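# I would like the atomic coordinates for the input below:
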Amino acid sequence: MTPDSLLPWLRQIRRHLHAHPELSGQEKATSAYIKEVLAEMGVEVLDYPGPTGVVGLIRGQGPGPTIALRADIDALPLQELNQTPYCSQNQGVMHACGHDGHTAMVLGAAREICRGGRLPGFRGNLKLLFQPAEESGTGAAQMVAQGVLEEPRVDMVLACHLTPDQPLGAVRIFRDLGYASNDRFRIKVRGQGCHGARPEEGRDPIAAAAYLVTALQTIVSRNLRPTEAGVITVGRLRAGQTYNIIPEEAELEGTVRALTLQARELLLARLQEMCAGLGGLFRVECRLELAEHIPSCRNAPEVSALLFRAAAVVAGPEAVSYVPPIMGSEDFAFFTQARPGALFRLGTAVPAAGPPLALHSPRFDFDERALSVGVEVFLAALREAFGLPEA
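Numbers count the residues shown, from 1 in each chain. Model (predicted):
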């Protein structure tokens, strides 16, 4: 198991990252800090052309497979409400999705290998991928396009995501399909502004947009089979400047989630049809814009089985289980499209501490003892992947 000296180190790393969060694509100080920690371990830092993000390499003793560990490093545009000594020092930015913990775990695994001799004599290479811009959905695709899975060519990619809805130290693994696809949309409804007391003189984009929000909820319920999963959510509706003026424009933003390609295509087609029909119904212009797309994320079953065996060694068979897919999205999908890979979810909840705080909550925090478990699962999986005997 993890030496007693590692948990305080993991806590220190995680708390530094938590106190200094940076948004997607802006992780310059985070990247510099990761490079500094890697340099202290003696880990080689490879040239990476992206403005943020880091790639480290630990070379083994001879030829063998190249395994990658991936951690996302960006934070959310959220004002933290916690009052801990390590709460965010950057106004309006917070690590509320556990990326500070993910980064600490990958760094911890590297530390154990470099300083603790935890993979003695392994043959092959270990790549450390510190990925920017997961929350914006663009970072993984960017890293793959810029060649991080080459030179040396990566054979397998592993990752972890902390989850507060599972008990501390519990490991949950998707056997195959894990996360839904995610298509972000923006809809601009343009009408004709007028006085709020004389709506007949204009064309009300707010009434049209409000109707559309309600109508969109029928796409899933009346087009997908009840046994299929899909979600359409409008998360932002903006219109107007004051109470007695009907504005010229309303704007909606939201997300479409689906577990299969067929369901995704159907939901997007109906979304486009509804937007096209809105114009005639309300005498407005309706323009739909589809932004970034994240595909559904699938674990390679053989890599999931590897993680299952590793987690059972570390946490005990009773703490490990396969779980059904969820409707969240994860741009780790771009890595698993390119190479066999798998992500495991690691529980952080302590029931005695009260109800768990949800991901993306301004009060999110987690029990840092989970970090030690994550490091050990990574190390156990790497031992098997590199063909070493159990420790």
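# quick one, strands of the stretch 251-391 of the chain?
285-294, 297-298, 320-323, 341-349 (DSSP state E, counting those that start in this stretch).
# Tell me the buried residues in the first one?
If I follow you right, that is strand 285-294. By neighbour count with 16 or more other CB atoms under 10 Å, strand 285-294 contains the buried residues E285, C286, L288, I294. Placement of C-beta: from N, CA and C, glycine included.
# E135 falls within a strand, correct?
No: secondary structure assignment (DSSP: H, G, I helix; E, B strand; the rest coil) places E135 in coil, not in a strand.
# any idea how far it is from F364?
Separation of E135 from F364 (CB to CB, to the nearest Å) stands at 14 Å.
# The strands of the stretch 251-391 of the chain: which one's closest to A104?
With CB to CB, the closest approach to A104 among these belongs to strand 341-349: 12.1 Å.
# on that earlier part again, now do the shared contacts for E135 and F364.
Common contact partners of E135 and F364 (CB atoms under 8 Å, 6 or more residues apart in numbering): C97.
# Between the two, which has more neighbouring residues?
F364 (23 against 20; other CB atoms under 10 Å).
# Which residue, other than its chain neighbours, is closest to Q26?
Nearest non-adjacent residue to Q26, counting by CB to CB, 6 or more residues apart in numbering: T52, 7.0 Å away.
# Also G25?
G25 sits nearest to A133 (CB to CB, 6+ apart), 5.0 Å away.
# if we can go back for a sec, to G101, which of the strands of the stretch 251-391 of the chain lies closest?
In terms of CB to CB, the element of the strands of the stretch 251-391 of the chain nearest to G101 is strand 341-349, at 8.1 Å.
# List the buried residues in the closest one.
So for strand 341-349, counting by 16+ other CB under 10 Å, buried means G341, A342, L343, F344, R345, L346, G347, T348, A349.
# looking at the chain, which helix or strand is least sure?
Using mean pLDDT, DSSP states H and E, strand 285-294 stands out as the lowest-scoring helix or strand of the chain, at a mean of 94.
# so how far is it off the chain centroid?
21 Å (CA atoms, centre = their mean, to the nearest Å).
# same question, stretch 254-263
Computed by CA atoms, centre = their mean, the chain-centroid distance of stretch 254-263 equals 17 Å.
# Also stretch 103-110?
17 Å.
# which parts of that stretch are buried?
Neighbour-count burial for stretch 103-110 [16+ other CB under 10 Å]: T103, A104, M105, V106, L107, G108, A109, A110.
# now swap in stretch 11-21 and tell me
Buried residues in stretch 11-21, counted by 16+ other CB under 10 Å: R11, I13, R14, R15, L17, H18, A19, H20, P21.
# Restricted to helices, list those.
If you go by DSSP state H, the buried residues of stretch 11-21 have R11, I13, R14, R15, L17, H18, A19 in helices.
# can I get those residues in TSV with distance to I187 and pLDDT?
Below are those laid out as TSV (distance: CB to CB, whole Å; pLDDT from 0 to 100):
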residue	distance to I187	pLDDT
R11	45	98
I13	42	98
R14	39	98
R15	41	98
L17	36	98
H18	36	98
A19	38	98
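# Among those, which one sits closest to N82?
Of those, the one sitting nearest to N82 (CB to CB) turns out to be H18, at 9.3 Å.
# Run a quick neighbour tally on the closest residue to N244 other than its chain neighbours.
Leaving aside its sequence neighbours, N244 sits nearest to G196 (CB to CB, 6+ apart; 4.1 Å). If you count neighbours by other CB under 10 Å, G196 ends up with 15.
# how about G196, what does it touch?
Contacts of G196 (CB under 8 Å, 6+ apart): Y243, N244, I245, I246.
# One more pass at 7 Å, please.
N244, I245, I246 (CB atoms under 7 Å, 6 or more residues apart in numbering).
# swap in A310?
Neighbours of A310 in contact, by CB under 7 Å, 6+ apart: V377, A380, A381, E384.
# Please pick the buried ones from those residues.
Among the contacts of A310, those that count as buried by neighbour count (16+ other CB under 10 Å) are V377, A380, A381.
# Can you tell me how far the first one is from A291?
What it means is V377. 34 Å.
# Now do the residue nearest to I245 when sequence neighbours are not counted, the pLDDT please.
The spatially closest residue to I245, leaving aside those adjacent along the chain, is G196, at 5.8 Å (CB to CB, 6+ apart). We have a pLDDT of 98 for G196.
# so what are the domain limits for this protein?
According to automatic domain parsing, the chain comprises the domains 6-179+296-385, 181-294.
# which of those sits most buried?
Of all the domains of the chain, domain 6-179+296-385 has the most neighbours on average by mean count of other CB atoms under 10 Å, namely a mean of 20.
# which residues sit in contact with the nearest residue to T84 once chain neighbours are set aside?
Setting aside the residues directly before and after it, T84 is nearest to D365 in space (CB to CB, 6+ apart), at 7.0 Å. By CB under 7 Å, 6+ apart, the contact set of D365 is N82, T84, L357.
# Make CSV out of the residues you listed and add distance to S372.
Below are those laid out as CSV (distance: CB to CB, whole Å):
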residue, distance to S372
N82, 22
T84, 20
L357, 20
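# Neighbouring strands - and their directions - for the longest strand belonging to the chain?
Scanning the chain for the strand with the most residues, using DSSP state E, yields strand 156-167. Using DSSP bridges, strand 156-167 pairs in its sheet with strand 66-72 (parallel), strand 341-349 (parallel).
# Just after the first one, pick out the following helix or strand.
Once strand 66-72 ends, the next helix or strand along the chain (criterion: DSSP states H and E) is helix 99-115.
# So Y243, which state does it fall into?
coil.
# surely G139 meets L129?
No: using CB atoms under 7 Å, G139 is not in contact with L129, being 10.0 Å away.
# quick revisit: what's the closest of the strands of the stretch 251-391 of the chain to I219?
Per CB to CB, nearest to I219 of those: strand 285-294, 13.1 Å.
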